[in-house]
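A.B. asks: No sequence on hand, only this structure:
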């Protein structure tokens, strides 16, 4: 582990949001890949909170009106901590990127829970996952929850081979090597190339919004999936405020 330290203490100013919202201090920051870092939030307000795989939070950045959504990568309710994975998807003026780059241990972070969680379909005979780096944290939590005997298929796309984080269950890895993550035909083609079972399963698509739409269209139109069997979580898309 390679934590990032910050010797400056909390500024101690009264902040009503600390009293009203869940939150915790940044306890650890670990660089996972050149483009992803793990952040652990810990504190008494997080002890005893009920977390489930597929949960997301909306972190308050700068003001009560600026929120960014992050997946809960891991958690320990008894110890009172949650782990997030923050991904730099290459948008220099992104508020979320600026916050992630300036984050230091000791800082206090408040958030609201996002009710739009992605839940594992418990009775599915097999599961399909598809997305890029911003999807990896949510996939990690869901993949841990899949019983070992249940088959898993899928594609995880990253900028380069070095940008893939380790997931609890292996997915097919592909690298963009400079091609855009938005509206990614490469990711759609990789999903289309998968040899999937003939029996219906459950699919989880997350990441860039337009790419998700393209993969869902492929599953429905080309493979005959029922839309209800496909869960989606768009995290970002270029040019759309609040999703950059």
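C.D. replies: Cool, the structure landed. Since we're looking at a predicted model, the values are computed, not measured. Residues are numbered from 1 along each chain as shown.
A.B. asks: CA atoms for contacts and neighbours, from now on please.
C.D. replies: OK.
A.B. asks: after the lowest-mean-pLDDT helix or strand in the chain comes which helix or strand?
C.D. replies: The least trusted helix or strand in the chain, going by mean pLDDT, DSSP states H and E, turns out to be helix 16-20, with a mean of 60. Using DSSP states H and E, the next helix or strand after helix 16-20 towards the C-terminus is strand 23-33.
A.B. asks: For the helix or strand just after that next one, which outside residues touch it?
C.D. replies: Sequence-wise, the next helix or strand downstream of strand 23-33 (DSSP H and E) is strand 36-42. By C-alpha atoms under 8 Å, 6 or more residues apart in numbering, the residues outside strand 36-42 that reach it are 23-32, 80-88, 109, 163, 165.
A.B. asks: Now find how far off-centre strand 36-42 is within its chain.
C.D. replies: Distance of strand 36-42 from its chain centroid, counting by C-alpha atoms, centre = their mean, to the nearest Å, is 12 Å.
A.B. asks: Same check on stretch 40-52?
C.D. replies: Offset of stretch 40-52 from its chain centre (C-alpha atoms, centre = their mean): 18 Å.
A.B. asks: re the thing from before, return a PyMOL selection command for the buried portion of the contacts of strand 36-42.
C.D. replies: Selecting only the buried entries of these in PyMOL, with 16 or more other C-alpha atoms under 10 Å as the criterion:
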select buried, resi 23+24+25+26+27+28+29+31+32+80+81+82+83+84+85+86+87+88+109+163+165
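A.B. asks: what's the single longest helix in the protein?
C.D. replies: Identified as the longest helix of the chain according to DSSP state H is helix 209-223.
A.B. asks: Packing partners of whichever helix or strand comes after that one?
C.D. replies: Using DSSP H and E, the next helix or strand after helix 209-223 towards the C-terminus is strand 230-236. Where contact means 3 or more C-alpha pairs under 8 Å, 6 or more residues apart in numbering; DSSP states H and E, strand 230-236 is packed against strand 202-208, helix 209-223.
A.B. asks: would you turn the ones you listed into a markdown table with distance to residue 195?
C.D. replies: Listed next are the helices and strands packed on strand 230-236 as a markdown table, based on distance: least, C-alpha to C-alpha, whole Å:
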| stretch | distance to residue 195 |
| --- | --- |
| strand 202-208 | 14 |
| helix 209-223 | 11 |
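A.B. asks: just the strands in the chain please.
C.D. replies: Secondary structure of the chain (DSSP state E): strands located at 23-33, 36-42, 56-60, 67-76, 81-87, 108-114, 127-131, 152-158, 172-175, 202-208, 230-236.
A.B. asks: Make TSV from those and add mean pLDDT and distance to residue 215 to it.
C.D. replies: Shown next, in TSV, are the strands of the chain (pLDDT from 0 to 100; distance: least, C-alpha to C-alpha, whole Å):
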stretch	mean pLDDT	distance to residue 215
strand 23-33	97	26
strand 36-42	97	24
strand 56-60	94	22
strand 67-76	94	21
strand 81-87	96	21
strand 108-114	94	24
strand 127-131	98	8
strand 152-158	98	11
strand 172-175	98	15
strand 202-208	97	8
strand 230-236	94	10
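A.B. asks: Can you add distance to residue 94 and give these back as JSON lines?
C.D. replies: Listed next are the strands of the chain as JSON lines, based on distance: least, C-alpha to C-alpha, whole Å:
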{"stretch": "strand 23-33", "distance to residue 94": "19"}
{"stretch": "strand 36-42", "distance to residue 94": "15"}
{"stretch": "strand 56-60", "distance to residue 94": "14"}
{"stretch": "strand 67-76", "distance to residue 94": "10"}
{"stretch": "strand 81-87", "distance to residue 94": "11"}
{"stretch": "strand 108-114", "distance to residue 94": "18"}
{"stretch": "strand 127-131", "distance to residue 94": "20"}
{"stretch": "strand 152-158", "distance to residue 94": "19"}
{"stretch": "strand 172-175", "distance to residue 94": "23"}
{"stretch": "strand 202-208", "distance to residue 94": "15"}
{"stretch": "strand 230-236", "distance to residue 94": "11"}
